[in-house]
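1. Coordinates only, no sequence provided:
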């Protein structure tokens with residue numbers, strides 16, 4: 001069962017006063033869970049865009065819109081996705097499918113104004129359990145998982161200690177911690 005599906009656009013538009021950094025379009029399917037509030041997604045998308053496009057990182061272009069689909073699912077659905085894409089037959093908190101490298105490599109074949117770069121799947125029941133174990137709110141956990149998945153979409157990983165340190169530093173920057 002899919003609880004909710006949101007489409008998040010990381011985008012920059014020029015304005016007189018400053019760059020506008022994010023547009024989030026959310027559409028919800030019927031169900032008891034309504035996803036991360038749109039205001040939270042907008043805030044996180046704006047911060048992520050700013051951090052990833054900063055002069056020190058330059059992971060993304062300031063003038064391209066990056067489209068990421070984020071789906072909030074149950075444990076059975078995320079287990080099936082995990083088995084299909086990662087050959088692991090178990091539930092997990094978040095799975096990211098990144099098309100970013102392909103978009104960058106083949107940028108001449110994509111729309112220069114908008115690029116679909118990945119999908120993020122977040123298990124709400126798994127996140128609820130983790131939030132309780134860690135002693136913070138479900139919203140906080142969902143925001144963390146969204147940012148974590150987003151960083152994976154843009155090529156960050158946490159296999160090696162150096163990568164892990166950088167990924168969690170960026171997560172903290174985006175979350176505002």
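-> Structure received. Bear in mind the structure is a predicted one, so any value in this text is a computation, not a measurement. Numbers count the residues shown, from 1 in each chain.
2. Please enumerate the strands of this structure.
-> 2-13, 20-27, 65-73, 94-98, 114-123 (DSSP state E).
3. Tell me the strands beside the last one, with direction?
-> In this case it means strand 114-123. Paired strands of strand 114-123, with direction, are strand 65-73 (parallel), strand 94-98 (antiparallel) (DSSP bridges).
4. Quick one: closest of the ones you listed to residue 150.
-> Ranking those by their distance to residue 150 (criterion: Cβ to Cβ) puts strand 65-73 first, at 6.4 Å. Every C-beta, even on glycine, is put in place using the N, C-alpha and C of the backbone.
5. Deepest in the core, which of the strands paired with strand 114-123 is it.
-> Neighbour counts (mean count of other Cβ atoms under 10 Å) averaged over each of those peak at strand 65-73, with a mean of 23.
6. Give me the below-cutoff pLDDT ranges for the chain.
-> Counting by pLDDT under 70, the low-confidence segments of the chain come to 1-36, 38, 55-56, 61-63, 103-114.
7. wait, residue 95 sits on residue 79?
-> No: counting by Cβ atoms under 8 Å, residue 95 does not reach residue 79; the two are 10.1 Å apart.
8. Output the strands paired with strand 114-123 in CSV; the columns should cover distance to residue 126.
-> As requested, the strands paired with strand 114-123 are exported to CSV (distance: least, Cβ to Cβ, whole Å):
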stretch, distance to residue 126
strand 65-73, 9
strand 94-98, 8
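9. Next up, phi/psi of residue 89, please.
-> As for residue 89, its main-chain torsions (degrees, to the nearest 10) stand at phi -90, psi 60.
10. my guess is it contacts residue 82, does it?
-> Yes: taking contacts as Cβ under 8 Å, residue 89 lies within contact range of residue 82: 7.2 Å.
11. So those two - more neighbours on which side?
-> Neighbours per residue, other Cβ atoms under 10 Å: of residue 89 and residue 82, the larger number sits with residue 82, 18 against 10.
12. any idea how far residue 143 is from residue 175?
-> Distance from residue 175 to residue 143, counting by Cβ to Cβ, to the nearest Å: 6 Å.
13. list the contacts for residue 93?
-> By Cβ atoms under 8 Å, 6 or more residues apart in numbering, residue 93 lies in contact with 122-123, 126-127, 130, 145.
14. try it again with 10 Å
-> Counting by Cβ atoms under 10 Å, 6 or more residues apart in numbering, residue 93 makes contact with 75, 78, 121-127, 129-130, 141-142, 144-145, 148-149.
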